[in-house]
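**Q** Just to be clear, the model below is a prediction. Sequence and coordinates:
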Amino acid sequence: MVKIIFFQPHPDDLELFCGHIMHYLAKKSKKKHILKIASLTKGEFGLPGPEYDKFKGDLLARVRTHELFAAQSIHGIPPENITFFNYIDGFVPFNREIINKLTDYLRIEKPDVIFAPEPIYTGYYHMDHINCGRVVYYIIHKGLIEDFAPNLFFYTSLCPNYFFGFDEKEFDLTYQLLACHKTQNWFFNDLKMILKPQMRYYGTKIHGWKYAEAFRRVYFTKENLEKNNPSFVPKVFSHFFSSLPWYKAKYPNHLLEKVTAMERARRNVSL
């Protein structure tokens, strides 16, 4: 039996980028798989503008938790297979504390396969995503867990090398999953305009499928390290555009000082 862990910074990320491969592994594959989700935050600041400030924080975290449970029930993944690490939305760190915490988690779970956000050559530059992927990669690359060598796949990558195909009649699954996250309609309504064309483009990369989800498999053995090298365009994009403050959470002014202080305290835990 294969155990697969999907890491996400926020409660809706997997529905956007991994929904079809998750559904196949959980529902349609003839092989048995155990699917678990590691969510670093509960997305408590995932609403735009100060007019929504009264909903942000614990209330939005509770709502988005239930939205995630509803979406994952479509795959048949129960709430007990979802672990929250309770980091602050927008302030997922890269430091010794989170590395130790996720190392302990992975040492217990020992998955065969891991999916996580692309931290280097990414088309979705949100610091929570970057640091989530960095921590997972660091744990494996540095060999922090003895006899642990899972297959690692990054989603939101600009240089994918693995594609999971699906056909036209299955595309509605994407909208069905996203519909569970009603609090994020303000974001999804614009994103849907590019989501389908993007998946259609990825579908051209593999024979026999109209649409596809794209991933970058990361290699760690010496004989395969060259497969990690990206093409020219992702290198240029990452070099010139990765510092832009895209997709930043909108923090209420009365909470910003508290959140910033907590982040400052986390940063004092050095690598």
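**A** That came in fine, so what should we check first? All values derive from a computational prediction rather than experimental measurement.
**Q** Could you use CA atoms for every contact and neighbour count after this?
**A** OK.
**Q** residue contacts, the residue nearest to Asp167 when sequence neighbours are not counted?
**A** Of all residues not flanking Asp167 in the chain, Lys210 sits nearest, at 5.3 Å (C-alpha to C-alpha, 6 or more residues apart in numbering). Neighbouring residues of Lys210 by C-alpha atoms under 8 Å, 6 or more residues apart in numbering: Gly165, Phe166, Asp167, Glu168, Arg200, Gly203, Thr204.
**Q** Among these, name the buried ones.
**A** Neighbour-count burial within the contacts of Lys210 applies to Gly165, Phe166, Arg200, Gly203; the criterion is 16 or more other C-alpha atoms under 10 Å.
**Q** And these, which is closest to Gln72?
**A** The nearest member of the buried ones among the contacts of Lys210 to Gln72, counting by C-alpha to C-alpha, is Phe166 at 18.9 Å.
**Q** ranges for the strands of the chain?
**A** Taking DSSP state E as the criterion, the chain carries its strands at 2-8, 33-41, 82-87, 113-117, 151-155, 162-166, 211-218.
**Q** List the pairing partners of the fifth one within its sheet, with orientation.
**A** Based on DSSP bridges, the pairing partners of strand 151-155 within the sheet are strand 113-117 (parallel), strand 211-218 (antiparallel).
**Q** ditto for the first one
**A** Strand 2-8 has the following strand partners under DSSP bridges: strand 33-41 (parallel), strand 113-117 (parallel).
**Q** List the buried residues of the first one.
**A** This means strand 33-41. By neighbour count on 16+ other C-alpha under 10 Å, the buried set for strand 33-41 is Leu35, Lys36, Ile37, Ala38, Ser39, Leu40, Thr41.
**Q** Now do the contacts for the fourth one.
**A** Ala38 makes contact with Ile5, Phe6, Phe7, Gln8, Ile82, Thr83, Phe84, Phe85, according to C-alpha under 8 Å, 6+ apart.
**Q** Emit the ChimeraX select command for whichever of those residues are buried.
**A** To isolate the buried ones among these in ChimeraX, judged by 16+ other C-alpha under 10 Å, type:
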select :5,6,7,8,82,84
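**Q** Which residues are in contact with the residue nearest to Gly203 when sequence neighbours are not counted?
**A** Leaving aside its sequence neighbours, Gly203 sits nearest to Tyr211 (C-alpha to C-alpha, 6+ apart; 3.9 Å). Contacts for Tyr211 (C-alpha under 8 Å, 6+ apart) come out as Gly165, Phe166, Asp167, Glu168, Phe171, Met199, Arg200, Tyr201, Tyr202, Gly203, Thr204.
**Q** In CSV, list the buried residues of strand 33-41 along with pLDDT and distance to Tyr219.
**A** Shown next, in CSV, are these (pLDDT from 0 to 100; distance: C-alpha to C-alpha, whole Å):
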residue, pLDDT, distance to Tyr219
Leu35, 98, 22
Lys36, 98, 22
Ile37, 98, 22
Ala38, 98, 22
Ser39, 98, 24
Leu40, 98, 24
Thr41, 97, 28
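**Q** from the residues you listed, which is closest to Gly143?
**A** Each of those was scored against Gly143 by C-alpha to C-alpha, and Ala38 proved nearest at 20.0 Å.
**Q** and Phe215, how many neighbours?
**A** Residues near Phe215, counting by other C-alpha atoms under 10 Å, number 25.
**Q** coming back round to it: pull the most distant pair out of the contacts of Tyr211.
**A** The widest separation within these, taken as C-alpha to C-alpha, falls between Phe171 and Thr204 and amounts to 15.2 Å.
**Q** quick revisit: got a markdown table for the strands paired with strand 151-155, with distance to Val135 and mean pLDDT too?
**A** A markdown table is the format used below for the strands paired with strand 151-155 (distance: least, C-alpha to C-alpha, whole Å; pLDDT from 0 to 100):
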| stretch | distance to Val135 | mean pLDDT |
| --- | --- | --- |
| strand 113-117 | 10 | 98 |
| strand 211-218 | 14 | 97 |
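**Q** would you turn those strands into TSV with distance to Leu16?
**A** Formatted as TSV, these follow (distance: least, C-alpha to C-alpha, whole Å):
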stretch	distance to Leu16
strand 113-117	12
strand 211-218	10
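**Q** contacts for stretch 109-123?
**A** 2-8, 129-134, 136, 148-159, 216, 230, 234-235, 237-238.
**Q** Mind giving me the ChimeraX select for the residues you listed, buried ones only?
**A** In ChimeraX, this line selects whichever of these come out buried by 16+ other C-alpha under 10 Å:
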select :3,4,5,6,7,8,129,130,131,132,133,134,136,151,152,153,154,155,156,157,158,159,216,234,235,238
